[in-house]
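# Fold the following.
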Amino acid sequence: MNKGDLVNAMAKCQHETKVSAERWLNCTLNCIAEGLKKHQALRLVGFGSFAVKARKGRIGRNPRTGAAIKIKPGKKVSFHAGDELKKTI
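A predicted model of the protein is given here:
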């Protein structure tokens, strides 16, 4: 499923237009992104939780040359599925 498919499913489920459904989806995704940007975890009971985690710097390999390269520390988003989502799947 891609974003267009999700918008179509939301519009059909709520008996709304695709434009309205896409506006709501974009708003939801932007709110999630802004919360994660501020390091706020998002917990949707039953569905799952999103959180930002730190990733340590490390030494990696350039696949083309095999040379060692230094990979900078960074951030990643983690998602843990909730019980209801796990049961659905």
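# Using the record's assignment, carve the protein into domains.
When the chain is parsed into structural domains using automatic domain parsing, the resulting residue ranges are 1-39, 41-89.
# export those to JSON lines and tack on mean pLDDT and mean neighbour count?
Quick note: C-beta positions are derived from backbone N, CA and C, even for glycine. Compiled in JSON lines, the domains of the chain are given as follows (pLDDT from 0 to 100; neighbours: other CB atoms under 10 Å):
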{"stretch": "domain 1-39", "mean pLDDT": "94", "mean neighbour count": "12"}
{"stretch": "domain 41-89", "mean pLDDT": "94", "mean neighbour count": "11"}
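# ok, now how distant is Met10 from Glu22?
As for Met10, its distance to Glu22 is 8 Å (criterion: CB to CB, to the nearest Å).
# Revised request: answer the last question for Asp5.
On the measure of CB to CB, Asp5 and Glu22 end up 12 Å apart.
# Ser78 now?
Between Ser78 and Glu22 the distance is 27 Å, computed by CB to CB.
# do the same with Phe79
Spatial separation of Phe79 from Glu22 under the definition CB to CB is 22 Å.
# Lys75 contacts Ala51, doesn't it?
No: in this structure Lys75 lies outside contact range of Ala51 using CB atoms under 8 Å: 10.4 Å.
# I'd like the next helix or strand past the helix or strand encompassing His80.
His80 is part of strand 74-81, with elements assigned from DSSP states H and E. If you walk from strand 74-81 toward the C-terminus, the next helix or strand you reach (DSSP H and E) is helix 83-88.
# which residues does Ser49 contact?
Shown in contact with Ser49 (CB atoms under 8 Å, 6 or more residues apart in numbering): 41-43, 79-80, 82.
# can you do 10 Å?
By CB atoms under 10 Å, 6 or more residues apart in numbering, the contact list for Ser49 reads 41-43, 78-82.
# now for the longest helix along the chain, which elements pack on it?
Taking DSSP state H as the assignment, the helix of the chain that covers the most residues is helix 18-37. Counting by 3 or more CB pairs under 10 Å, 6 or more residues apart in numbering; DSSP states H and E, the packing neighbours recorded for helix 18-37 are helix 3-14, strand 42-44, strand 48-55, strand 74-81.
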